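*Asks:* Just to be clear, the model below is a prediction. Sequence and coordinates:
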Amino acid sequence: MATASASSPLYSQVAESVIERIENGTLRAGEKAPSLRRLSAQKRVSVSTALQAYMSLESRGYLEARPKSGFFVRLPFASLIPEPAFDKTRFDKARTQPHLPGTNEILATIGAIVRDPSCVPFAAGCASPELFPNRAMNLIVRRIVNRQPLHSANYEFPPGIEALRRQIARRSPDVGCGFAAEDVVITCGTLEAVNLSLRAVAKPGDVVAVESPTYFGILGAAAALGMKIVEIPTHPQEGMDLDRLESAIRKHRIKACITMSNCHNPLGYVLPDRSKKALADLTARHNVAVIEDDVYGDLTYDTPRAGTVKSFDRKGLVLLCSSFSKTLPPGYRVGWVMPGRFRAEVERLKFLSSVATSTLSQMTVAEFLSSGGYDRHVKRLRSAFAGRVDNVRQAISRYFPEGTRISRPAGGLLLWVEMPPKIDALRLYQAALTERIAILPGRIFTPSNRFRNCIRINCGQTWSEAHERALLKLGRLCENLPSK
């Protein structure tokens, strides 16, 4: 159990004390937890602090709320469902040349199916539209149009609108490091930020290290730039095997390491601070750049927000990439990068690649951030995603074959599902499409055809009976698939 320190928020300290009582058997599964008033009296905190503690424990799977009855203890996720196995031996034969069998065809199919309202959308990592502050942002757009009718009459050349960069910089302490507006370059989403960062630190033919599994967009970006990829075995909670990473750095003269330290896609973990520091220290010793994709960073379930590898960067080698595409309507396409020592080169490449990011989008996001509405919205979004991930996780545990393992996310909206070895996820993907169910097979999260019995599930959509039935159907498809 991770004990809350004295510097942790008060509600977090209260929550950890309740976890201790659960783990030592004082509170048992099925029993009613102390009432909010009793807990507040026991811990000498306000009732609102007690409620915040219980809500945190509910999102983490320790408690469940029952209408008009209070909170009840249940076994945490880790005790109910095993997480994916970590087997380093499958990486003994390293591959450096990118190879994405069938990825383009799969992604083209997903692009079409996501737009089909009759399909249950477990594939693309998108939230339900109603979760976004659409009305508030539409009002901001209307005000900008009325106030500044020539808002988009000129390009906003790199690094982008100062008001937006200033708002991003104001939030830099939340990610564990302070930076100024002039340190930020605005991009068209996180993936452009990653592309620009790769081009700034490496060239075609160079070798980059990636987590395995990792987001298919990262693999596609490196492959499109003609770079070779070394996969580093990645633990579902502790992240990359740093011994393997150091060995790969020595053997392959790696130019950059790409990581998702918070709410990893697809594994969902938040890397402990000690591991973030160890990664920053290791790459600094070898003068290797780190491209940190933090697109889901604001969506960690526990507060305060998790820090970054960038917070341990002392040489300007970490390029921190993020966007608002997972917390605000993704169509605005507003991202950013804090490139450290590579800022001038990233600015130059941004101009050559896309000239500028939409002026109206930048102005709208900047005004929404300055209004104070963003922080309240993200708090609600975290809670919604935690509940939806829980719903999907429990349904998979009921309907999928015995031996299925499911990731234990610490944030975000994605689940990584490892099925028994006999199940071919590509066949499951194809069979699911005929039933109007969209999932992603594990093999597109690796350049070397690993994870053939794994799938990724998006949990960001509004939970309904249709989603429950779709997961039941997926479980039955697993049972009826021919063996590999």
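*Replies:* That came in fine, so what should we check first?

*Asks:* Which single helix of this protein contains the most residues?
*Replies:* Scanning the chain for the helix with the most residues, using DSSP state H, yields helix 373-399.

*Asks:* Tell me the buried residues in that one?
*Replies:* For helix 373-399, a neighbour-count test (16 or more other CB atoms under 10 Å) marks 374, 377-378, 381-382, 384-386, 388-397, 399 as buried. Every C-beta, even on glycine, is put in place using the N, C-alpha and C of the backbone.

*Asks:* ok, now stretch 119-137?
*Replies:* By neighbour count on 16+ other CB under 10 Å, the buried set for stretch 119-137 is 119-127, 131-133, 137.

*Asks:* Contacts for it, please.
*Replies:* 110, 113-114, 265, 326, 328-330, 332, 364, 368, 371, 373, 377, 381, 384-385, 413-414, 436-440, 456-458, 460-462, 466-467, 470 (CB atoms under 8 Å, 6 or more residues apart in numbering).

*Asks:* Export it to CSV, keeping only CA atoms.
*Replies:* C-alpha atoms of stretch 119-137 as CSV (Å, rounded to 0.1, in the frame of the first residue of the first chain):
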residue,chain,number,x,y,z
CYS,A,119,-21.3,0.7,-34.2
VAL,A,120,-20.4,0.3,-30.6
PRO,A,121,-17.2,2.4,-30.4
PHE,A,122,-14.6,0.6,-28.2
ALA,A,123,-11.8,1.4,-30.6
ALA,A,124,-10.8,5.1,-30.9
GLY,A,125,-9.6,6.7,-27.7
CYS,A,126,-12.4,9.3,-27.6
ALA,A,127,-14.9,10.4,-25.0
SER,A,128,-18.6,10.9,-25.4
PRO,A,129,-19.3,14.3,-26.9
GLU,A,130,-21.6,15.2,-24.0
LEU,A,131,-18.7,15.0,-21.6
PHE,A,132,-17.1,18.1,-23.0
PRO,A,133,-18.0,21.7,-22.1
ASN,A,134,-19.5,22.3,-25.5
ARG,A,135,-21.9,25.1,-24.5
ALA,A,136,-19.3,27.1,-22.6
MET,A,137,-16.8,26.9,-25.5
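
*Asks:* Then Val145 would be within a helix, right?
*Replies:* Yes - Val145 sits within a helix when classified using DSSP: H, G, I helix; E, B strand; the rest coil.

*Asks:* from memory it sits against His151, does it?
*Replies:* Yes - counting by CB atoms under 8 Å, Val145 does reach His151; the two are 6.9 Å apart.

*Asks:* Of these two, give the one with the bigger neighbour count.
*Replies:* Between Val145 and His151, His151 has the larger neighbour count (other CB atoms under 10 Å), namely 16 against 12.

*Asks:* In contact with the more buried one: list those residues for me.
*Replies:* By CB under 8 Å, 6+ apart, the contact set of His151 is Ile144, Val145, Thr359, Leu360, Met363.

*Asks:* Most neighbours among these, which one is it?
*Replies:* Within those, Met363 tops the neighbour count with 23 neighbours, counted by other CB under 10 Å.

*Asks:* For that residue, give its distance to Ile186.
*Replies:* 11 Å (CB to CB, to the nearest Å).

*Asks:* So for these two, which residues contact both of them?
*Replies:* Common neighbours of Met363 and Ile186, using CB under 8 Å, 6+ apart, are Ile161, Leu164.

*Asks:* before we move on, what SS does Pro233 have?
*Replies:* strand.

*Asks:* One more: Cys257?
*Replies:* Secondary structure, three-state DSSP: Cys257 is strand.

*Asks:* burial of it, as a residue count?
*Replies:* A count of nearby residues for Cys257, using other CB under 10 Å, gives 28.

*Asks:* Just give the closest residue to it, not the sequence neighbours.
*Replies:* The shortest distance from Cys257 to any non-neighbouring residue, by CB to CB, 6 or more residues apart in numbering, is to Ala209 (4.5 Å).

*Asks:* Kindly report the same for Lys315.
*Replies:* Nearest one to Lys315, counting by CB to CB, 6+ apart, is Ala284 at 5.2 Å.

*Asks:* For that neighbour, give its distance to Gly340.
*Replies:* The gap separating Ala284 from Gly340 is 11 Å, by CB to CB.

*Asks:* Find the residues that touch each one of these two.
*Replies:* Shared contacts of Ala284 and Gly340 (CB under 8 Å, 6+ apart): Asp313, Leu317.

*Asks:* If you count surrounding residues, which of these two has more?
*Replies:* Neighbours per residue (other CB under 10 Å) separate Ala284 from Gly340, with Gly340 holding more: 21 against 17.

*Asks:* Do you know the pLDDT at the more buried one?
*Replies:* According to the prediction, Gly340 has pLDDT 96.

*Asks:* tell me the contacts of it?
*Replies:* Lys310, Asp313, Gly316, Leu317, Val318, Leu319, Leu320.

*Asks:* Quickly list what the fifth one is bridged to.
*Replies:* To tie it back to what came earlier, the one meant is Val318. Bridge pairing for Val318 (DSSP bridges) gives the partners Val290.
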